[in-house]
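**Q** Generate a structure from the sequence data that follows.
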Amino acid sequence: MAQNFAHGNYSHTQKKARNSGGGRTPADGARRTLSQNFLVDRHAVDLMVKAAAPEGLVLEPGAGEGALTFALAEVAARVIAYEIDPRLAGRLASRTKDDSVIEVVRGDFTRARIPREPFAVVGNIPYSVTSKIVDWCLRAPDLSSATLLTQREYARKRTGDYGRWSLVTVESWPWFHWRLGHTVFRESFRPAPSVDSAILRIERRPEPLVPDRRSYRALVELGFGGTGGSVRASLRTRYAGVDAALSAAGVPRDAVVGHVHPDQWVTIWRRLH
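**A** Next up is the predicted model:
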């Protein structure tokens, strides 16, 4: 049922939300100031938990009312739920005070101390701080994976689903694999946002594809710098042997930067270093 839901066969909860205007209340309007859209469909929660497959320590940004928190606690060893809204954090802390698996932290996840042990991040995150949360995850040395429910457009851009690749994805590709998961429709939230969401999965690779982060990032950033309108023109300002590297990677000489697959960047780096 979960898979059918993701591809458009709406559950009973979604139908009810659609018929009642998304189940909105006056309080929901106030929550928009904090970019809060809470999951109200259990199938969407199940999709998140299945995609994350959590085992050990899990950090959850934007715990909200706890729908995902409790589901994660059923399978994870420990869940630290972060909630910036004091009212919601207090309510969730009260509900979980006797639960040894769940710890509620009242504060901003993007300022959280990074654990010094393997951990995963799983969360239905506010659209307004998506980039900050993703950046936090990519900086964490012991992060094993991040499973994030984001604006669908953001997830598609970061995973190359539009046929183009972003700097964030290409720069982190040797260390992280980015994957687009199921769509979760706007009717699954309260208040309902104006766009659909999707599950974005970021997994750390067992072994990096390149050994030198600094030189790889310098190469990619130069390519994305836009000099001359093509990857070839940009790279030729600093590197010799660019034409041979592009040929080895299967990149046309007139290719623009967004159309170069991250794996091709790895090949280019290998040929130039």
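**Q** Enumerate every residue touching the spatially closest residue to residue 258 that is not a sequence neighbour.
**A** In space, residue 258 comes closest to residue 164 once its chain neighbours are excluded; the distance is 3.9 Å by Cβ to Cβ, 6 or more residues apart in numbering. In short, each C-beta sits where N, CA and C put it, glycine included. With contact set as Cβ atoms under 8 Å, 6 or more residues apart in numbering, residue 164 has these partners: 157, 258-259.
**Q** Just put those residues in JSON lines and tack on secondary structure, neighbour count and distance to residue 151.
**A** Below are the contacts of residue 164 laid out as JSON lines (DSSP: H, G, I helix; E, B strand; the rest coil; neighbours: other Cβ atoms under 10 Å; distance: Cβ to Cβ, whole Å):
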{"residue": "157", "secondary structure": "helix", "neighbour count": "18", "distance to residue 151": "9"}
{"residue": "258", "secondary structure": "helix", "neighbour count": "16", "distance to residue 151": "19"}
{"residue": "259", "secondary structure": "helix", "neighbour count": "15", "distance to residue 151": "23"}
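**Q** want to throw those residues into a markdown table with pLDDT and distance to residue 224?
**A** What follows is those, written out as a markdown table (pLDDT from 0 to 100; distance: Cβ to Cβ, whole Å):
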| residue | pLDDT | distance to residue 224 |
| --- | --- | --- |
| 157 | 98 | 14 |
| 258 | 95 | 9 |
| 259 | 96 | 12 |
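**Q** Which of those sits closest to residue 181?
**A** residue 157 (14.5 Å; Cβ to Cβ).
**Q** Who are the contact partners of that closest one?
**A** Counting by Cβ under 8 Å, 6+ apart, residue 157 makes contact with 164, 166.
**Q** tally of neighbours for residue 67?
**A** Neighbour count for residue 67, taken as other Cβ atoms under 10 Å: 18.
**Q** what does residue 110 give?
**A** Residue 110 has 14 neighbours, counted by other Cβ under 10 Å.
**Q** Please verify my assumption that it contacts residue 136.
**A** Yes - using Cβ atoms under 8 Å, residue 110 is in contact with residue 136, at 5.3 Å.
**Q** Counting neighbours, what do you get for the nearest residue to residue 175 once chain neighbours are set aside?
**A** Using Cβ to Cβ, 6+ apart and skipping the chain neighbours, the partner closest in space to residue 175 is residue 208 (5.3 Å). When neighbours are counted by other Cβ under 10 Å, residue 208 registers 15.
**Q** quick one: residue 208 from residue 120, how far?
**A** 19 Å (Cβ to Cβ, to the nearest Å).
**Q** can you check residue 172 too?
**A** 16 Å.
**Q** Next: residue 235.
**A** 36 Å.
**Q** Residue 250: which of the contacts of residue 164 is nearest?
**A** Of all these, residue 250 sits closest to residue 259, with 11.6 Å by Cβ to Cβ.
**Q** Please give me every residue in contact with the closest one.
**A** Residue 259 is in contact with 163-165, counting by Cβ under 8 Å, 6+ apart.
**Q** From the contact counts, what lies against whichever helix or strand residue 268 is part of?
**A** Using DSSP states H and E, residue 268 maps to helix 262-272. Under the contact definition 3 or more Cβ pairs under 8 Å, 6 or more residues apart in numbering; DSSP states H and E, helix 262-272 sits against helix 167-172, helix 213-223, helix 242-249.
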